[in-house]
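Chemist: Sequence first, then the predicted structure, then my questions.
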Amino acid sequence: MSNSSITIQVPGKLMIAGEFAVLEPYHKLIAMAVNRFVYVDIHANKTNQLTLEKFNLRNLNWNFVDKQVIIDSTDTRVNFVQEAMTIAFGYLSEKNISIDNFSLQVKSELDDKVSGKKFGLGSSAAVAVGVITAILQYHLPKAPSPLLVFKLAAISHVAAQGNGSGADVAASAFGGIIQYSSFQANWLRNRYNESNTLLEVIEMDWPYLSIEPVALPADIHLRVGWTGSPASTGNLVNQILQLKNTKRDKYEEFLHNSEEAVKNILRGMLDNDLPLLLSGVKQNRTALVAVGKEAETDLETTKIAKLCDLAEELGGAAKQSGAGGGDCGIAMMPSIESAEMLVHTWKDEGITPLELKSYPLGAISL
């Protein structure tokens, strides 16, 4: 055993642009790791135990039997932790590394402290990244690479959830702001089911995947507002994806518009071209509102619409962050004055400004 006790800190995430379209091959999304965290403590223990603070699940016993972690609980909320642990142990077993007994404790500050309501900062992805990083770092001589952690967490996420782009996993594993194209959940599930070992999947080329760091121009001031109502990402994704069958042309139109918007945002970031960046954000907002209408679902709730309109009135641009239907909106403002003014007007409208900013690091040990 290389370590008797480790604490891993993992950032949450916010999506900046490219939501929904990222589920299609080669479509880019921009995501950002934020300065609110999940903490995973791992330490040597006579018995194997797990504590998930957020769910008040304490000192649950667990075992690794027949290549599977079994957690002694009927609470289904342990499933994604169980899956992450199983994948981490599978990797260690294939590397012929013996597994020690330990106790694992997961704490999250990604949700509202008072109400416990979700902000939409990607807690299950951050927890998967944290659990895998902690277990690997505890058993290996050196810290695992962000790419290895990402791939293992992506496999565990797809195994637990069946779908998703993995962008939240990437943001938590790598940190900073990234442009991201998804590995494609179907592709990964098929490779995983067909392969004999986990190492085979980790080491093969993931042809659809790309993860590259990008940076916001210094004179863009990013502000995040929370509408007070959490969204259910899974349902919204399904409603949008249904358009592929019911209104194929509208779906294709959305993909095209989203791609143009993201291109302009990235070009604006790269060239320090604020007008282009802001117009890209507006284009992305318009594309999302339109596709939501086609799917007969309000991606942009009344409060998110208000949040965005106020930003535009002050010379900036804003849009929903993530799947929409509640959660957060993200605004880009051209000056510190306009950003501060925006935060005041948000408060008057019952929108809670969150003290969130880009966090440069992914999962690290403290």
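Modeler: It's in. This is a predicted model, so every value here is computed, not measured. Numbers count the residues shown, from 1 in each chain.

Chemist: remind me which residues of the chain are low pLDDT?
Modeler: For the chain, the stretches flagged by pLDDT under 70 are 1-3, 114-115, 119, 230-234, 325-326.

Chemist: hey, where'd the helices end up in this protein?
Modeler: Ranges of helices within the chain are 79-94, 123-139, 146-161, 167-174, 185-194, 198-203, 233-246, 248-271, 274-294, 302-313, 336-348, based on DSSP state H.

Chemist: How much space separates residue 127 from residue 339?
Modeler: With distances taken as C-beta to C-beta, to the nearest Å, residue 127 is found 31 Å from residue 339. Just so you know, the C-beta spots here come from the backbone N, C-alpha and C atoms, and that holds for glycine as well.

Chemist: Compare these two and say which is more crowded by neighbours.
Modeler: residue 127 (24 against 20; other C-beta atoms under 10 Å).

Chemist: for the more buried one, what are its contacts?
Modeler: Each residue near residue 127 by C-beta atoms under 8 Å, 6 or more residues apart in numbering is listed here: 10, 38, 40, 80, 81, 84, 106, 108.

Chemist: how close does the residue located most distally from the centre of the chain get to residue 89?
Modeler: Relative to the centre of the chain, the most outlying C-alpha is that of residue 46, 34.0 Å out, by C-alpha atoms, centre = their mean. Separation of residue 46 from residue 89 (C-beta to C-beta): 19 Å.

Chemist: Also residue 118?
Modeler: Taking C-beta to C-beta, one finds residue 118 at 29 Å from residue 89.

Chemist: now residue 31
Modeler: As judged by C-beta to C-beta, residue 31 and residue 89 stand 28 Å apart.

Chemist: Could you check which of the two is surrounded by more residues?
Modeler: The neighbour comparison of residue 31 against residue 89 (other C-beta under 10 Å) goes to residue 31, with 31 against 19.

Chemist: what's the closest residue to the more buried one other than its chain neighbours in contact with, if anything?
Modeler: Of all residues beyond its chain neighbours, the one nearest residue 31 is residue 171 (4.2 Å), with distances taken as C-beta to C-beta, 6 or more residues apart in numbering. Shown in contact with residue 171 (C-beta under 8 Å, 6+ apart): 11, 13, 31, 32, 33, 122, 125, 178, 180.

Chemist: now do residue 195
Modeler: Residue 195 makes contact with 201, 204, according to C-beta under 8 Å, 6+ apart.

Chemist: sorry, back to before: for the contacts of residue 127, pick the one with the most neighbours.
Modeler: Sorting the contacts of residue 127 by how many neighbours each has (other C-beta under 10 Å) puts residue 10 first, at 35 neighbours.

Chemist: Please name the residues that touch the closest residue to that one other than its chain neighbours.
Modeler: Among residues not flanking residue 10 along the chain, residue 130 sits closest, at 4.1 Å (C-beta to C-beta, 6+ apart). By C-beta under 8 Å, 6+ apart, the contact list for residue 130 reads 8, 9, 10, 38, 39, 40, 106, 172, 363.

Chemist: burial measure for residue 123, as a count.
Modeler: So residue 123, with other C-beta under 10 Å, has 24 neighbours.

Chemist: does it really touch residue 110, like I thought?
Modeler: Yes. If you go by C-beta atoms under 8 Å, residue 123 and residue 110 touch, sitting 4.5 Å apart.

Chemist: and for those two, which residues touch both?
Modeler: 12, 38.

Chemist: Distance-wise, check residue 270 relative to residue 179.
Modeler: Residue 270 is 10 Å from residue 179, by C-beta to C-beta.

Chemist: from the contacts of residue 171, which is closest to residue 66?
Modeler: Residue 66 has its nearest neighbour among these in residue 125, at 26.9 Å by C-beta to C-beta.

Chemist: I'd like to know how many residues surround the closest one.
Modeler: When neighbours are counted by other C-beta under 10 Å, residue 125 registers 27.
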